[in-house]
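> Sharing a model that was predicted from the sequence below.
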Amino acid sequence: MKPYYNDKWVTLYHGGCTEIVPALGMFDLVLTDPPYILDPSPQGRSEFCTEVKRLKTDDYIKLTDGFDVDGIMSGWQKHMALFNAFCFCSNKQIPDIMNWGISKGYITTLLIWNKPNVPPFANNVWRGDAEFCVHIRQSGAYFEGDSEQKKKVVAMPRLAGTEHPTEKPLDLVSRYVQIGTKVQDIILDPYAGSGTTGVAAKRLNRRCVLIEMEEKYCEIAAKRLSQGVLTIDF
(Lines give C-alpha, C1' and ligand atoms only; values in the text may rest on other atoms or scores of the structure.)
Protein backbone atom coordinates (compact mmCIF):
# COMPACT_ATOMS: atom_id res chain seq x y z
CA MET A 1 0.00 0.00 0.00
CA LYS A 2 1.94 2.98 -1.33
CA PRO A 3 1.23 6.44 0.11
CA TYR A 4 0.11 9.20 -2.23
CA TYR A 5 2.09 11.63 -0.07
CA ASN A 6 4.40 11.12 2.90
CA ASP A 7 6.54 13.32 5.14
CA LYS A 8 7.74 13.34 8.75
CA TRP A 9 4.27 14.13 10.11
CA VAL A 10 1.64 13.16 7.56
CA THR A 11 0.90 10.15 5.36
CA LEU A 12 -1.83 10.44 2.74
CA TYR A 13 -3.44 7.44 1.01
CA HIS A 14 -5.62 7.58 -2.09
CA GLY A 15 -8.49 5.12 -1.79
CA GLY A 16 -11.47 4.05 0.28
CA CYS A 17 -11.22 4.05 4.06
CA THR A 18 -12.99 0.68 4.41
CA GLU A 19 -10.14 -0.95 2.49
CA ILE A 20 -7.23 1.05 3.92
CA VAL A 21 -8.05 1.45 7.64
CA PRO A 22 -7.96 -2.32 8.45
CA ALA A 23 -4.35 -2.44 7.22
CA LEU A 24 -3.21 0.41 9.48
CA GLY A 25 -2.02 0.50 13.07
CA MET A 26 -3.35 2.24 16.16
CA PHE A 27 -4.48 5.86 16.51
CA ASP A 28 -5.08 8.26 19.38
CA LEU A 29 -7.82 10.29 17.71
CA VAL A 30 -10.11 10.27 14.69
CA LEU A 31 -10.98 13.73 13.39
CA THR A 32 -12.95 13.70 10.18
CA ASP A 33 -15.60 15.29 7.97
CA PRO A 34 -17.45 12.42 6.25
CA PRO A 35 -20.15 12.82 3.59
CA TYR A 36 -23.23 14.57 4.96
CA ILE A 37 -26.85 13.71 4.29
CA LEU A 38 -28.25 16.87 2.72
CA ASP A 39 -31.27 17.90 0.71
CA PRO A 40 -30.92 20.99 -1.47
CA SER A 41 -33.45 23.73 -0.96
CA PRO A 42 -35.62 24.95 -3.85
CA GLN A 43 -33.17 27.83 -4.22
CA GLY A 44 -30.35 25.40 -4.98
CA ARG A 45 -28.64 25.63 -1.60
CA SER A 46 -28.13 23.01 1.04
CA GLU A 47 -29.20 23.55 4.65
CA PHE A 48 -25.69 24.95 5.26
CA CYS A 49 -25.85 27.47 2.39
CA THR A 50 -23.54 25.43 0.18
CA GLU A 51 -24.24 26.49 -3.37
CA VAL A 52 -25.04 23.03 -4.70
CA LYS A 53 -25.86 24.29 -8.19
CA ARG A 54 -22.16 24.77 -8.84
CA LEU A 55 -21.43 21.11 -8.12
CA LYS A 56 -21.72 18.42 -10.76
CA THR A 57 -24.43 15.88 -9.98
CA ASP A 58 -21.92 13.09 -9.29
CA ASP A 59 -19.81 15.34 -7.06
CA TYR A 60 -22.86 16.41 -5.08
CA ILE A 61 -23.99 12.82 -4.52
CA LYS A 62 -20.54 11.77 -3.28
CA LEU A 63 -20.52 14.59 -0.72
CA THR A 64 -24.12 14.25 0.44
CA ASP A 65 -25.04 10.55 0.49
CA GLY A 66 -23.87 9.99 4.08
CA PHE A 67 -21.83 7.08 5.43
CA ASP A 68 -22.37 3.80 7.29
CA VAL A 69 -22.18 5.11 10.86
CA ASP A 70 -22.11 1.77 12.68
CA GLY A 71 -19.79 -0.01 10.23
CA ILE A 72 -17.31 2.83 9.84
CA MET A 73 -17.15 3.91 13.48
CA SER A 74 -16.90 0.32 14.72
CA GLY A 75 -13.92 0.01 12.41
CA TRP A 76 -12.27 3.03 14.03
CA GLN A 77 -12.92 1.49 17.43
CA LYS A 78 -10.67 -1.47 16.58
CA HIS A 79 -7.73 0.89 16.04
CA MET A 80 -7.90 2.86 19.30
CA ALA A 81 -6.99 1.76 22.81
CA LEU A 82 -9.43 4.40 24.09
CA PHE A 83 -12.04 5.64 21.64
CA ASN A 84 -11.78 9.35 20.86
CA ALA A 85 -13.33 10.93 17.76
CA PHE A 86 -14.58 14.24 16.39
CA CYS A 87 -17.03 13.67 13.54
CA PHE A 88 -18.54 16.54 11.58
CA CYS A 89 -22.06 15.83 10.39
CA SER A 90 -25.34 17.24 9.13
CA ASN A 91 -28.45 17.72 11.22
CA LYS A 92 -29.90 14.47 9.86
CA GLN A 93 -26.89 12.44 11.02
CA ILE A 94 -26.78 13.71 14.61
CA PRO A 95 -29.14 11.03 16.05
CA ASP A 96 -27.32 8.05 14.50
CA ILE A 97 -23.84 9.27 15.44
CA MET A 98 -24.74 10.31 18.97
CA ASN A 99 -26.73 7.13 19.58
CA TRP A 100 -23.73 5.06 18.46
CA GLY A 101 -21.55 6.70 21.12
CA ILE A 102 -24.21 6.54 23.82
CA SER A 103 -24.87 2.85 23.11
CA LYS A 104 -21.19 2.12 23.78
CA GLY A 105 -21.29 3.96 27.10
CA TYR A 106 -19.00 6.71 25.77
CA ILE A 107 -19.16 10.41 26.62
CA THR A 108 -21.00 11.93 23.67
CA THR A 109 -21.26 15.68 23.06
CA LEU A 110 -22.74 17.80 20.28
CA LEU A 111 -20.54 20.72 19.21
CA ILE A 112 -21.62 23.61 16.99
CA TRP A 113 -19.67 25.70 14.51
CA ASN A 114 -21.45 29.05 14.21
CA LYS A 115 -20.82 30.79 10.87
CA PRO A 116 -21.70 34.47 11.36
CA ASN A 117 -20.90 35.48 7.77
CA VAL A 118 -23.26 33.18 5.83
CA PRO A 119 -25.71 34.83 3.40
CA PRO A 120 -29.07 35.70 5.00
CA PHE A 121 -31.12 33.14 3.08
CA ALA A 122 -33.97 31.52 5.00
CA ASN A 123 -36.75 30.87 2.47
CA ASN A 124 -38.46 27.65 3.59
CA VAL A 125 -35.31 26.59 5.51
CA TRP A 126 -33.50 27.58 8.69
CA ARG A 127 -30.63 29.96 8.06
CA GLY A 128 -27.47 27.98 7.42
CA ASP A 129 -25.38 29.60 10.14
CA ALA A 130 -24.49 26.38 12.00
CA GLU A 131 -22.75 23.10 11.31
CA PHE A 132 -22.33 20.24 13.76
CA CYS A 133 -19.60 18.02 15.11
CA VAL A 134 -20.12 15.10 17.48
CA HIS A 135 -17.33 14.35 19.95
CA ILE A 136 -17.34 10.79 21.27
CA ARG A 137 -14.75 9.73 23.83
CA GLN A 138 -14.20 6.77 26.09
CA SER A 139 -13.52 7.52 29.74
CA GLY A 140 -9.78 8.12 30.12
CA ALA A 141 -9.21 9.26 26.53
CA TYR A 142 -7.14 12.43 26.17
CA PHE A 143 -9.29 15.53 26.69
CA GLU A 144 -7.47 18.73 27.62
CA GLY A 145 -8.00 22.46 27.28
CA ASP A 146 -9.26 25.49 29.15
CA SER A 147 -12.80 26.85 29.26
CA GLU A 148 -12.20 28.97 26.17
CA GLN A 149 -10.97 26.06 24.06
CA LYS A 150 -13.77 23.80 25.28
CA LYS A 151 -16.63 26.02 24.19
CA LYS A 152 -19.36 23.84 22.68
CA VAL A 153 -20.29 26.66 20.31
CA VAL A 154 -17.44 28.25 18.36
CA ALA A 155 -17.98 31.22 16.03
CA MET A 156 -15.67 31.32 13.01
CA PRO A 157 -16.34 32.74 9.55
CA ARG A 158 -17.37 30.40 6.74
CA LEU A 159 -14.55 29.92 4.26
CA ALA A 160 -14.86 31.32 0.75
CA GLY A 161 -13.00 30.44 -2.43
CA THR A 162 -11.71 27.07 -1.23
CA GLU A 163 -10.87 24.21 -3.58
CA HIS A 164 -13.09 21.79 -1.65
CA PRO A 165 -16.77 22.70 -1.19
CA THR A 166 -17.00 21.56 2.45
CA GLU A 167 -13.58 22.62 3.75
CA LYS A 168 -13.55 23.48 7.47
CA PRO A 169 -11.57 26.38 9.00
CA LEU A 170 -8.04 25.39 9.91
CA ASP A 171 -8.31 27.10 13.30
CA LEU A 172 -11.45 25.11 14.16
CA VAL A 173 -9.82 21.80 13.25
CA SER A 174 -6.66 22.83 15.12
CA ARG A 175 -8.74 23.54 18.23
CA TYR A 176 -10.13 19.99 18.21
CA VAL A 177 -6.66 18.55 17.55
CA GLN A 178 -5.34 20.29 20.66
CA ILE A 179 -8.27 19.15 22.80
CA GLY A 180 -8.06 15.52 21.71
CA THR A 181 -4.31 14.87 21.38
CA LYS A 182 -0.91 15.68 22.77
CA VAL A 183 2.34 16.23 20.87
CA GLN A 184 3.44 13.18 18.86
CA ASP A 185 0.02 11.50 19.05
CA ILE A 186 -1.38 9.94 15.87
CA ILE A 187 -4.57 11.22 14.23
CA LEU A 188 -6.65 9.46 11.58
CA ASP A 189 -8.80 11.34 9.06
CA PRO A 190 -10.46 8.75 6.79
CA TYR A 191 -12.36 11.39 4.77
CA ALA A 192 -9.50 13.82 4.31
CA GLY A 193 -10.83 16.08 1.56
CA SER A 194 -8.31 18.86 0.96
CA GLY A 195 -6.14 17.81 3.92
CA THR A 196 -7.03 20.35 6.61
CA THR A 197 -6.61 17.80 9.43
CA GLY A 198 -3.13 17.00 8.15
CA VAL A 199 -2.16 20.66 8.00
CA ALA A 200 -3.43 21.17 11.56
CA ALA A 201 -1.48 18.12 12.76
CA LYS A 202 1.76 19.42 11.24
CA ARG A 203 1.25 22.86 12.80
CA LEU A 204 0.82 21.26 16.22
CA ASN A 205 3.50 18.54 16.00
CA ARG A 206 1.09 15.62 15.77
CA ARG A 207 1.36 12.72 13.36
CA CYS A 208 -1.52 12.12 10.99
CA VAL A 209 -2.80 9.54 8.51
CA LEU A 210 -5.14 10.84 5.82
CA ILE A 211 -7.33 8.81 3.46
CA GLU A 212 -9.17 10.34 0.51
CA MET A 213 -11.15 8.62 -2.24
CA GLU A 214 -11.06 11.39 -4.84
CA GLU A 215 -7.68 11.87 -6.51
CA LYS A 216 -8.37 15.52 -7.33
CA TYR A 217 -8.60 16.25 -3.60
CA CYS A 218 -5.50 14.14 -2.91
CA GLU A 219 -3.64 16.44 -5.28
CA ILE A 220 -4.87 19.51 -3.42
CA ALA A 221 -4.03 17.99 -0.03
CA ALA A 222 -0.55 16.94 -1.13
CA LYS A 223 0.15 20.44 -2.40
CA ARG A 224 -1.00 22.02 0.87
CA LEU A 225 1.01 19.56 2.97
CA SER A 226 4.18 20.08 0.95
CA GLN A 227 4.17 23.78 1.77
CA GLY A 228 5.57 25.18 4.98
CA VAL A 229 3.22 25.58 7.93
CA LEU A 230 3.13 28.12 10.73
CA THR A 231 2.69 27.29 14.40
CA ILE A 232 -0.62 28.21 16.00
CA ASP A 233 -1.37 29.79 19.36
CA PHE A 234 -4.73 29.94 21.14
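Sure thing, it's come through.

> Just the pLDDT at residue 205, thanks.
Looking at residue 205, its pLDDT stands at 96.

> List the residues that contact it.
9, 183-184 (Cβ atoms under 8 Å, 6 or more residues apart in numbering). Just so you know, the C-beta spots here come from the backbone N, C-alpha and C atoms, and that holds for glycine as well.

> Over to residue 135?
85-87, 108-109, 111, 176, 180.

> Select only the buried ones of those in ChimeraX?
Here is the ChimeraX command that selects the buried residues among the contacts of residue 135 (16 or more other Cβ atoms under 10 Å):
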select :85,86,87,108,111,176,180
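
> Using JSON lines, lay out the contacts of residue 135 together with distance to residue 141, pLDDT and secondary structure.
Shown next, in JSON lines, are those (distance: Cβ to Cβ, whole Å; pLDDT from 0 to 100; DSSP: H, G, I helix; E, B strand; the rest coil):
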{"residue": "85", "distance to residue 141": "9", "pLDDT": "98", "secondary structure": "strand"}
{"residue": "86", "distance to residue 141": "12", "pLDDT": "98", "secondary structure": "strand"}
{"residue": "87", "distance to residue 141": "14", "pLDDT": "98", "secondary structure": "strand"}
{"residue": "108", "distance to residue 141": "12", "pLDDT": "98", "secondary structure": "strand"}
{"residue": "109", "distance to residue 141": "12", "pLDDT": "98", "secondary structure": "strand"}
{"residue": "111", "distance to residue 141": "16", "pLDDT": "98", "secondary structure": "strand"}
{"residue": "176", "distance to residue 141": "13", "pLDDT": "98", "secondary structure": "helix"}
{"residue": "180", "distance to residue 141": "8", "pLDDT": "98", "secondary structure": "helix"}
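
> among the contacts of residue 135, which two are most distant?
108 and 176 (15.0 Å; Cβ to Cβ).

> which SS class is the spatially closest residue to residue 97 that is not a sequence neighbour?
Once flanking residues are discounted, residue 97 sits nearest to residue 134: 4.6 Å by Cβ to Cβ, 6 or more residues apart in numbering. Under DSSP: H, G, I helix; E, B strand; the rest coil, residue 134 falls in the strand class.

> if I look at residue 218, how far off is residue 209?
13 Å (Cβ to Cβ, to the nearest Å).

> repeat for residue 194
16 Å.

> about what we covered before: mutual contacts of residue 218 and residue 209, please.
residue 12.

> If you average pLDDT per helix and strand, which one of this protein comes out bottom?
helix 57-64 (a mean of 58; mean pLDDT, DSSP states H and E).

> for this protein, what are the low-confidence residue spans?
39-64, 161, 228-234 (pLDDT under 70).

> all helices for this protein, in order.
17-20, 57-64, 69-77, 94-103, 170-180, 196-203, 215-226 (DSSP state H).

> Highest mean neighbour count out of these?
Highest mean neighbour count among the helices of the chain (mean count of other Cβ atoms under 10 Å): helix 196-203, with a mean of 26.

> Next, count neighbours for residue 147.
Neighbour count of residue 147, defined by other Cβ atoms under 10 Å: 6.

> Please report the distance of it from residue 128.
28 Å.

> and if you look at residue 99?
Counting by Cβ to Cβ - residue 99 and residue 128 are separated by 24 Å.

> circling back to that earlier point, could you dump the helices of the chain into CSV and include distance to residue 158?
Formatted as CSV, the helices of the chain follow (distance: least, Cβ to Cβ, whole Å):
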stretch, distance to residue 158
helix 17-20, 26
helix 57-64, 16
helix 69-77, 26
helix 94-103, 20
helix 170-180, 11
helix 196-203, 14
helix 215-226, 19
